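S.K.: This is a predicted model, with the sequence first.
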Amino acid sequence: MTELPDMSEAQIRRYARHIVLPEIGGVGQSRLIAARVLVVGAGGLGAPALQYLAAAGIGTLGVIDDDTVDLSNLQRQIIHRTADIGVSKAESARRALGEINPEVAVQAYKERLTEANAEQIVADYELVADGSDNFATRYLLNDTCYRLRKPLVSAAILRFDGQISTYKAWHGAGHPCLRCIFPAAPSEEAVPSCAQAGVLGALAGTLGALQATEVVKEILGIGRSLSGRLLTYDALEASFEEMAITKRADCPTCGKS
């Protein structure tokens, strides 16, 4: 077990509202400080997730994104500023996180996650938050995290709707993976991009904050995990719904074959 760091007086003050929570306390906050979390994408979902994880004191944050900041991003990707247009999103995020919490070590990967680099990058972290915007990356992360036994907190947004779940399929029968729900990617016509269909800016904040919450819960082992449950949010109706998801015996990733 990794030795937990002692907190300085400044850290005790910074994280005081966490420390007074019985579910977290000083030991839990030290675990957050020792934690290593990879966030895939510094866009709509990654922006709020990264900001809350840095504020929470996650000791090491990795952020991978090969894109640059565009004016159209600023409606929802609140980690970036107008002055960052044209700058690497990973670098822009690193700058912003340093301003939020200079104690957090940020590793910026200005590249796309691919089959060639996924295992090497993911292996360096204990947990992954997926804020990607395409099924190819989601499947790659799902399969990589399953092989490496890393919890994956994955969310998606479109128009006024969002969904989130946690995947820990190696834990056994009650823990499905992403491919248990979506064994094959839907067509582009069935699931258009945000650029094609639009997305409510604040919706990204709602789901990104939920991702950060689930990441913290997984690190600390508190509360009820979203593994085995898909949580959906309808912003127009202001309603959440929960659906149980089960492991598929014929799942191409975690099934018996």
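M.R.: Noted; the coordinates are in hand. Numbers count the residues shown, from 1 in each chain.

S.K.: Determine the three-state secondary structure at the residue lying closest to Ile222 once chain neighbours are set aside.
M.R.: Counting by C-beta to C-beta, 6 or more residues apart in numbering, Ile222 lies nearest to Glu23, which is 4.7 Å off, once chain neighbours are set aside. Just so you know, the C-beta spots here come from the backbone N, C-alpha and C atoms, and that holds for glycine as well. Under DSSP: H, G, I helix; E, B strand; the rest coil, Glu23 falls in the coil class.

S.K.: ok, Glu23 - contacts?
M.R.: 220, 222-223 (C-beta atoms under 8 Å, 6 or more residues apart in numbering).

S.K.: which of these has the most neighbours?
M.R.: Leu220 (18 neighbours; other C-beta atoms under 10 Å).

S.K.: which one of the contacts of Glu23 sits closest to Val63?
M.R.: Nearest to Val63 among the contacts of Glu23: Leu220, at 21.6 Å, using C-beta to C-beta.

S.K.: isn't the closest one right next to Arg31, touching?
M.R.: Yes: between Leu220 and Arg31 there is a contact under C-beta atoms under 8 Å: 6.1 Å.

S.K.: Check the secondary structure at Val106 for me.
M.R.: strand.

S.K.: Leaving aside the residues adjacent along the chain, what's closest to it?
M.R.: Using C-beta to C-beta, 6+ apart, the nearest residue to Val106 is Arg94, at 4.5 Å.

S.K.: How about the helix or strand containing the one you found, which residues are buried there?
M.R.: Per DSSP states H and E, Arg94 falls inside helix 89-100. By neighbour count on 16 or more other C-beta atoms under 10 Å, the buried set for helix 89-100 is 89-94, 96-97.

S.K.: roughly how far is it from the heart of the chain?
M.R.: Chain-centre distance of helix 89-100: 16 Å, with C-alpha atoms, centre = their mean, to the nearest Å.

S.K.: cool, and stretch 74-94?
M.R.: Taking C-alpha atoms, centre = their mean, one finds stretch 74-94 lying 18 Å from the centre of the chain it belongs to.

S.K.: returning to what we had before: identify the residues contacting the residue nearest to Val106.
M.R.: By C-beta under 8 Å, 6+ apart, the residues touching Arg94 are 63, 106, 108.

S.K.: Distance of it relative to Val39?
M.R.: Arg94 sits 12 Å away from Val39, going by C-beta to C-beta, to the nearest Å.

S.K.: Then Asp161?
M.R.: 22 Å.

S.K.: Neighbour count for those two, which is higher?
M.R.: Val39 (31 against 17).

S.K.: Please name the residues that touch that one.
M.R.: Applying C-beta under 8 Å, 6+ apart, we find Val39 in contact with 46, 49-50, 53, 61-64, 128-129, 131.

S.K.: Tally up the residues packed near the nearest residue in space to Ala155 that is not next to it in sequence, please.
M.R.: Take Ala155 and drop its neighbours on the chain: the residue closest to it by C-beta to C-beta, 6+ apart is Ile164, 4.1 Å away. Per other C-beta under 10 Å, the neighbour tally for Ile164 reads 24.
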